[in-house]
Every structure is written in structure tokens, then in C-alpha cells.
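**Student:** here is my input, please return the structure:
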Amino acid sequence: MTESVSAARRGPRSVVVTGAAVLSALGRGVRPLLAAALDGAPAFAPVRRFDVTGRRVDRAATHPGAPVLVDELHRAVGEACDEAGLSTARRADCPLHLAVHGDPELARVPVAQRPAHGADAFAAAVARRAGLSGASRAYTSACVASSTAVADAAAAVAHGQADRIVVAAGYLVEADQFAVFDAGRALARDGRIRPFSSGRTGLLLGDGVVAVVVEAASAARARRARPLAVLAGWGRAGDAYHVCKPRPDGAGLARAVVDALHRGGVGPERVGYVNAHGSGTPISDTAEAAALHRALGDHASRVPVSSTKSVHGQALEAGALLELVVTIAALRAGRLPVNAGYLGPDESCPLNLVLDRAVDTGSDHALSLTSAFGGANTALLVGTP
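**Tutor:** As a prediction, this is how the structure comes out:
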């Protein structure tokens, strides 16, 4: 690919991630989350946060206690900005892209007050409390919400529309969504997510509150900030195949992957790891395996693949950002997260799964993939700085 084509697709400025903060069932911070992912140690346990009596499944990956979403988002944004070394003045110039299911109070306030509790109002309130600029945007597009927010932020930074944008996302397992997934028989009956494995029976929900600072590499250099990763490429594609079933041949997700690689000027052979969507549902995993073979060709049978949902659970709108942070941390550590819960091969998922906690990597690029209901697909390509 020529430099002119790359710049046209990606924009003239390189994009980096300079700060990250996480709350998950494994604790606060990236370190405990990464340690569990590298060891393949899942966080699923009986739900204590609300009553699950009468449910088919009683397990999820939840942080202890009763965390409050707006408080945890404020903390995560602050910690990510601290790691990025952003002063109060620079924070005041930062827009916020926030991926959330919505304001948790919305369903329980009087009808007349609901406009003040919409997703946009919630995002604006989080931005004000965190000392960010008044420019905020809410993303509510299910599992691709936070990866779409990252892609929009990266595109804006790459094309010079902003020097930096804070991207945050939050989902805390709660009774309403738990009941919906349980009633829909989507939750794993045996209490484990087993991506791409024989005997997999579904997904499990998990907590995730995450924030990252997406910044122009030139802006980071100007204030001597050390990037955590390069956000080399991003791709999005919709196939609208079915309201909840993925397209069996994976064509939509494959287009997102190809677009991310094209935008990053990277060939399939440069990808050293894929953090797959890997929900643990029979149909979705098979479609994703097909997508990887469609997008990566012969390299799909060699590149190491795992789904960290097998450890931290499905965090819905926050899931893609949580997995991006794990992917970046794994690249920096030079080790690959384990595809936990594996029982045995499934011939419909012919992938090189990471099943050994000792696997190392010297690769400089990785993909983080996400799919959502309605046929939405995203791919984020990250590299070492």
C-alpha cells in the first residue's frame, strides 16, 4: 500500500493510546485483569448483587460490593487521564465518547423527568464531573458501542479534528439485562464461557468500566507522554443479516478486519494475535471462525486466537473497550491471553487457540474483534509504540 492511500484511509496523523483505566470482576486496574487473562483464571461466581432465584443460570463475573456506574466512570476517566499525564487545562479541552447501555436511573424516574436521564444527558453529566469539555457523544449500539466510539475518536484525531479524545464505557451487571439474557436462553448453563470449544453453551455477563485516552502521536510527543500502544487501524461493517443471528459465512466481520488492516497498512502475516469476540455461543463462534479465514486467508490457521470473555465475561457496551485494553496490555507484556474453558476441538472452529498459559509473543500487531446484534461488526488493530 502506498503512503498516500494509507493517509487517505486513516488520516495524516498517527494515533496512539496514552492512558487506560479499568474496573472488572478481577479488581481495579489493568494488572489484575491481565494476570487473570494470561493464566486463564475465570471470574465467574454466583450472583450476589441481586436476587437470581428462579433463573436458569445464577452466575456472572461481578466486582464485589455494589459499585455505582457514574462513580466508577468518573474514577476510570480520572485514572486514564492521570496515566496520560493530562493537566486540568488539557482535560478541559477533551471531548468524551461514552458507550453505555443508558442511565441506570432511566427506567425508575417519572415520565416527565426521563429526557434528563437519556444517554446523551448521562454522557454530558459524566464529562462535566470529570472536568472534560462540554463536547460529549453517547454510544448505545450494543456490543460494538465502545469499539465504534474508539473508531470515531481515532478518525477524528487522525484527521486533525481533535488532539485527543477520552473514550469511556461502562456496564455493571444488573437484574434487568440478566433476566433478558436468561429468559432468552443465551447464558451458559454450566457457568463457564467456552469460546470456540466443543460443548459450549452460551455467554455470561460481566462487569466492565473502562476509559482510554486516544491521542495524536505528535501531541503526545510534544508533552513527552509515553504511548501504551499505536491505534494503527480500525474497520466497521454491517451485514444486517438477522436481528440477533450472525451471518454464517462471517462476511461482515471479515470486511471489518480487512478494512482495519488496509487502514493500518498491515498485511495479515503481521498480525500476531487476535482477541476474538468469542462469545461462547455455538452459532456466533462458528461464524467468527469463518470470518477470520475469509479475512486472513492461510494465516488464519496459524495466528494465535483467544477470547478474553472466557475470563471477564460479556460486558455488553463496555466489552469491546475492555478487550482492547487487555489486548494492549498483552502486547506490552509479550504474552498471550488464554482461551479459558476449553473442553475440546470443534471442527466448525478451525483456529489456533491459545490453550497454554506459557505462550509468549514477539509480534508487534494484534486485532481486537467485536460483533453485535443486527449484524454490526468492528475490528481494531493495535501495535507496539
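**Student:** what ranges do the strands span in this structure?
**Tutor:** Assignment of strands within the chain using DSSP state E yields the ranges 15-24, 27-28, 45-46, 59-60, 96-100, 136-139, 164-171, 208-216, 229-238, 274-275, 304-306, 352-353, 365-372, 376-383.
**Student:** domain ranges for this structure?
**Tutor:** Per automatic domain parsing, the domain ranges recorded for the chain read 9-194+201-222, 231-383.
**Student:** now those as JSON lines including mean pLDDT and mean neighbour count?
**Tutor:** All C-beta atoms are positioned from the backbone trio N, CA, C, and that covers glycine. JSON lines is the format used below for those (pLDDT from 0 to 100; neighbours: other C-beta atoms under 10 Å):
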{"stretch": "domain 9-194+201-222", "mean pLDDT": "95", "mean neighbour count": "20"}
{"stretch": "domain 231-383", "mean pLDDT": "95", "mean neighbour count": "22"}
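**Student:** look up how far Arg357 lies from the residue nearest to Arg114 when sequence neighbours are not counted.
**Tutor:** The spatially closest residue to Arg114, leaving aside those adjacent along the chain, is Leu106, at 6.2 Å (C-beta to C-beta, 6 or more residues apart in numbering). Relative to Arg357, Leu106 is positioned 42 Å away (C-beta to C-beta, to the nearest Å).
**Student:** re the thing from before, distance to Asp346 added to the strands of the chain, as a markdown table?
**Tutor:** Rendered in a markdown table, the data for these read as follows (distance: least, C-beta to C-beta, whole Å):
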| stretch | distance to Asp346 |
| --- | --- |
| strand 15-24 | 27 |
| strand 27-28 | 32 |
| strand 45-46 | 26 |
| strand 59-60 | 22 |
| strand 96-100 | 31 |
| strand 136-139 | 33 |
| strand 164-171 | 28 |
| strand 208-216 | 27 |
| strand 229-238 | 25 |
| strand 274-275 | 17 |
| strand 304-306 | 13 |
| strand 352-353 | 10 |
| strand 365-372 | 18 |
| strand 376-383 | 21 |
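**Student:** nearest to Cys244, of the ones you listed?
**Tutor:** Shortest separation from Cys244 across the strands of the chain is recorded for strand 365-372, at 9.6 Å, computed as C-beta to C-beta.
**Student:** counting by contacts, list what that closest one packs against.
**Tutor:** On a contact count with 3 or more C-beta pairs under 8 Å, 6 or more residues apart in numbering; DSSP states H and E, strand 365-372 meets helix 145-158, helix 251-264, strand 274-275, helix 282-296, helix 319-333, strand 376-383.
**Student:** got a markdown table for those, with distance to Val57 too?
**Tutor:** Shown next, in a markdown table, are the helices and strands packed on strand 365-372 (distance: least, C-beta to C-beta, whole Å):
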| stretch | distance to Val57 |
| --- | --- |
| helix 145-158 | 24 |
| helix 251-264 | 27 |
| strand 274-275 | 25 |
| helix 282-296 | 16 |
| helix 319-333 | 18 |
| strand 376-383 | 25 |
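**Student:** so what's the residue nearest to Arg114 up against?
**Tutor:** For Leu106, the set of contacting residues under the criterion of C-beta atoms under 8 Å, 6 or more residues apart in numbering consists of Arg114, His117, Gly118.
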